[in-house]
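> Build me a model:
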Amino acid sequence: LFCDLDRRLPETDPFDRQIVLGCGAFLELLSIAAAHEGYVAEITAFPDGDPAPRLDARAIARVRFVAAAAQPDPAFAAIGTRRTNRNTYTERDVATDLLGKLEAAGSVHGVMARTTRESGLVTKLRDITWRGHETESLTHRTMKESIDLMRIGKAEVEQWRDGLVLEGPMMELARMTGMVSHQTLLDPKSEAFRMGLDMYRPKAASARAFVWLVNDHVGRASELNAGRAYARLSLKAAELELAIHPWSQTLQEFPEMRSLYEEVHTLIGEGKRVQMLVRAGYADPVIPAPRRGLDAYIIGERQS
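Got it, this is the predicted structure:
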């Protein structure tokens, strides 16, 4: 497994930590799918060494499929239904036992999942996640990185099949009139920019519970393991019909975020690295995000 180095986000993810988490989530899904077909996936993380401070052309992982008496994993059933739900969440609390199930699911591979529905801590986390979102939005180079990946309207969505999707009848109208474009979304003085920021404010305020992942962060494998744990957590959330949305800007390592990074680690870090911060609750369902075709990911056969 290799990282496509052209798809990294150097402004918001300057050390490539978050993209490694994404690769870890993929590996966990791969392992679950392999078991469904009767194979054990033997995963060796960074077989050619630990790239630092950023990723390079070396492999993220090597996977060997072993025909064995692999037991199907019940989590397989949720792979097709898991979603990131960015909607405003309803005023419905998440039961303590459900949060316990999320904690159990995400506490794997040396990662510890933590949850809270306690009103005081939830209020603090709502506030800090919003301030992180605002900081990323008001820092031109980090906002531009996101805006460059905005797919505005049906035609762009179908062309790219990735990125951040903005579509629907109202969005098509706004695109056609020029109200919403990559330029207006990036301009802090524009109505589109202000509306975009205001749209997310009630979303942050609607969080009913939070989930986060911590580990000792010893080398790149720790990042990969955090991604694997998040995949487990997201599958359990889908099984429990809970909405989840990673809202982890405060964990990003660019300079303007430093004070919030330290604040959130002081609040919930336990002296460890917080790898993911996620709001949880209930919300209207969302459709699957667009995905590129399989041929976009396969780079050719390699001999062992």
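> where in the chain is pLDDT low?
Judged by pLDDT under 70, the chain has its weakly predicted residues at 301-304.
> at 90 what do you get?
The chain contains residues with pLDDT under 90 at 68-70, 299-304.
> any idea where the strands of it begin and end?
39-45, 61-67, 112-116, 150-152, 164-166, 209-215, 243-246, 273-281 (DSSP state E).
> can you pull the contacts of residue 182?
147, 148, 150, 152 (CB atoms under 8 Å, 6 or more residues apart in numbering). To be clear about C-beta, it is placed using only N, CA and C from the backbone, and glycine gets the same treatment.
> Residue 194 too?
So residue 194 contacts residue 188 (CB under 8 Å, 6+ apart).
> What is the burial count for residue 285?
The local packing of residue 285 (other CB atoms under 10 Å) involves 10 other residues.
> residues contacting it?
Residues near residue 285 by CB under 8 Å, 6+ apart: 83, 85.
> where's it relative to residue 85, distance?
Computed as CB to CB, to the nearest Å, the residue 285 to residue 85 distance reads 7 Å.
> So what pairs up with the most centrally placed residue in the chain in the strands?
Nearest residue to the geometric centre of the chain (CA atoms, centre = their mean): residue 246, 5.2 Å. Counting by DSSP bridges, residue 246 is bridged to residue 278.
> wait, it sits on residue 278?
Yes. Counting by CB atoms under 8 Å, residue 246 does reach residue 278; the two are 5.0 Å apart.
> Give me the common contacts of those two.
residue 230.
> Just to check, residue 71 is in contact with residue 34?
No. Residue 71 lies out of contact with residue 34 (CB under 8 Å); the separation is 11.5 Å.
> ok, these two, which is more surrounded?
Neighbour count, other CB under 10 Å: between residue 71 and residue 34, residue 34 has more, with 19 against 10.
> how close does the more buried one sit to residue 16?
Remark: distance between residue 34 and residue 16 (CB to CB) = 26 Å.
> got it, and residue 66?
Distance from residue 66 to residue 16, by CB to CB: 30 Å.
> Neighbour count for those two, which is higher?
residue 16 (22 against 11).
> nearest residue to the more buried one other than its sequence neighbours?
Nearest residue to residue 16, sequence neighbours excluded (CB to CB, 6 or more residues apart in numbering): residue 55, at 4.5 Å.
> likewise residue 290?
With CB to CB, 6+ apart as the criterion, residue 290 has its nearest non-adjacent residue at 4.5 Å, and that residue is residue 161.
> wait, doesn't that neighbour sit right on residue 292?
Yes. Using CB under 8 Å, residue 161 is in contact with residue 292, at 4.6 Å.
> out of these two, which sits in the more crowded spot?
Just comparing residue 161 and residue 292: by other CB under 10 Å the higher neighbour count belongs to residue 161, 15 against 10.
> for the more buried one, phi and psi?
With angles defined as degrees, to the nearest 10, residue 161 sits at phi 60, psi 30.
> ok, now how distant is it from residue 16?
Residue 161 is 23 Å from residue 16, by CB to CB.
> Please apply the same query to residue 92.
37 Å.
> what sits up against stretch 143-160?
9-12, 136-137, 162-167, 171-172, 175, 180-182, 185-186, 290.
> roughly how far out does it sit from the chain middle?
The chain centre lies 18 Å from the centre of stretch 143-160; the measure is CA atoms, centre = their mean, to the nearest Å.
> same thing with stretch 274-286?
10 Å.
> try stretch 81-99
With CA atoms, centre = their mean as the basis, stretch 81-99 stands 16 Å off its chain's centre.
> Repeat that for stretch 133-142.
So, by CA atoms, centre = their mean, the centroid of stretch 133-142 is 18 Å from its chain's centroid.
> So residue 100 versus residue 249, what's the distance?
For residue 100, the distance to residue 249 - CB to CB - is 27 Å.
> quick one, which of those two is more surrounded?
Set side by side, residue 100 and residue 249 show more neighbours around residue 249, with 24 against 12, by other CB under 10 Å.
> mind checking how far that one is from residue 292?
Per CB to CB, residue 249 is found 25 Å from residue 292.
> Give me the number of neighbouring residues for residue 5.
Using other CB under 10 Å, residue 5 is surrounded by 12 other residues.
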